[in-house]
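**Q** Structural data only, the sequence is not supplied:
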C-alpha cells in the first residue's frame, strides 16, 4: 500500500477513536476503538496486514516507546507523593503483592504464558502490553506466543470498559460515606485554598542540579535530543544486564532521575510538540500483533480474557482491602484505588469529579468529596499504572516460555 495512504488511514482511525472516547467520557477508550477497527479492516481485506509497516511506523516504534516512557518519568511529582504516602504504599501493595498473587492463581488455570501476559496489563496500561509484546519479539515471536501478545493487547483495550463502571460504583459508595460522616460530624473537612496552587508553583521553581535552559534554547530539536540521550543510555544499560532489567524499566527510572536533576523538562514530549505522533507510533507497537489474528483466535481467547479479569481483579481487591484497612482506608476507597490500575489519568480525574458532582448536593459537599477522593485517585493512577506495573511486568516477562 502507498505509504502516505497507509499513514493517513492509521491517523484517521485514531482521530475517530479520540472523538468517540471524548463523547463517551473514555468509556470507549481510543485503543479499544482502534483495535476493533483495525481487526475489521484486516479481516475484511479492506487494508493489507502490512499497513503499519507500509506507513513507516514499525521502524521506530520500539525507539519511540523508550522515548515516551522517559517522558512519563518526568511527570512524577515527589511532593504530591510524599503527601499521599499511604496511597503510594497501598498502590504498591495492590500491584506488587496483588500481581504475584494473581500470577500464582492464574498459572495452573490459564497456563504459564497467559499468566505472565495478564499480570502487567491488568495492573497497568498500554506500556505493560508493550513490554510483554517486546519480550515476545525478543524470543523470535514463536507461534505459541502469538496469542499471548494478543491477550495482553485485548486486556489493555477493554480494561477501561470494565474499570470505569467499577470505579464509579466504588467511589459513589465512598462519596456517600463521606457525605454522611460530614453531616454527622465524624468526618472533618476545611475548604482548600489557593495555597495548594502556590505550593505547586514553588515545586516547579525549585532548584535543580542542572539549571533549566533559557526558553529560547528549549526548541523541539534540543528537547528531543535530550530525551533521546536519556533513552539511549537506558537501552545501553539494559544491554549490559543482558536483558535481565528491561530497557523500558530503565527508561522510566532514568526519566525520573533526569527530570529531578534538571536535565530534561517536565512533560518534555508535549513541550517539543511531538506528543501526538509519538503516542500513535507507540500504540502501533501493540496493535501490530493484531495483524496475525483470526476471528477464531479472538473467540478462543474470550474465556481466557474473562478468566484473566476475574482472577486479576479479585486478587487485587483482596490485597487492597487488607492493606487498606491497615492504613484506615474504607473498603470502597481501597477498591476504587484498585480500579485506577485499569485506566489511569485522565480517567482518574474524570471519574472522581463526576462522582463528586453526582453525590454532592451542595458546593461544599462537592468540594469535600473531591478533596478526599481526587488526590488519592490521581496518585494511585500514577503509582499503579505508570510506575509499578512497568517494573513488575519487566520482571514477569522473564518467565515467558517459548
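**A** Perfect, I can see it now. For clarity, every value in this text was computed on a predicted model and none was experimentally measured.

**Q** same for the lengthiest helix in the chain, what does it pack against?
**A** The single longest helix within the chain, with elements called by DSSP state H, is helix 146-184. Applying 3 or more CB pairs under 8 Å, 6 or more residues apart in numbering; DSSP states H and E, we find helix 146-184 packed against helix 30-43, helix 112-123, helix 126-138, helix 275-287, helix 295-326, helix 331-339, helix 347-359, helix 363-381. No exception for glycine: its C-beta is placed from N, CA and C like everyone else's.

**Q** So for residue 395, which of the ones you listed sits nearest?
**A** helix 112-123 (9.1 Å; CB to CB).

**Q** distance between the closest one and the chain's centre?
**A** Distance of helix 112-123 from the chain centroid (CA atoms, centre = their mean, to the nearest Å) equals 15 Å.

**Q** May I see the buried residues of that helix?
**A** When burial is assessed from 16 or more other CB atoms under 10 Å, helix 112-123 yields the following buried residues: 113-123.

**Q** Let me know the closest of these to residue 379.
**A** Set against residue 379, the nearest of the buried residues of helix 112-123 by CB to CB is residue 123 (15.8 Å).

**Q** what's the pLDDT at the closest one?
**A** If you check residue 123, the pLDDT there is 78.

**Q** rewinding a little: work out the gap between the longest helix of the chain and the centre of the chain.
**A** That offset, for helix 146-184, works out to 14 Å (CA atoms, centre = their mean).

**Q** just to revisit the earlier point, same list, the helices and strands packed on helix 146-184, but as TSV with distance to residue 252 please.
**A** Formatted as TSV, the helices and strands packed on helix 146-184 follow (distance: least, CB to CB, whole Å):
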stretch	distance to residue 252
helix 30-43	20
helix 112-123	13
helix 126-138	8
helix 275-287	14
helix 295-326	21
helix 331-339	21
helix 347-359	19
helix 363-381	15
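
**Q** wait, which of these is closest to residue 266?
**A** Nearest to residue 266, of all the helices and strands packed on helix 146-184, is helix 275-287, at 12.8 Å by CB to CB.

**Q** So what touches the closest one?
**A** Here helix 275-287 makes contact (CB atoms under 8 Å, 6 or more residues apart in numbering) with 10-11, 14, 30-31, 34-35, 38, 52, 55, 57-58, 60-62, 64-65, 67-68, 71, 126, 129-130, 133-134, 152-153, 156, 269.

**Q** buried residues in it?
**A** Across helix 275-287, burial judged by 16+ other CB under 10 Å covers 278-287.

**Q** Tell me which helix or strand comes right after the worst-scoring helix or strand of the chain on mean pLDDT.
**A** Lowest mean confidence among the helices and strands of the chain (mean pLDDT, DSSP states H and E): helix 195-204, at a mean of 45. The helix or strand immediately downstream of helix 195-204 is helix 220-240, counting by DSSP states H and E.
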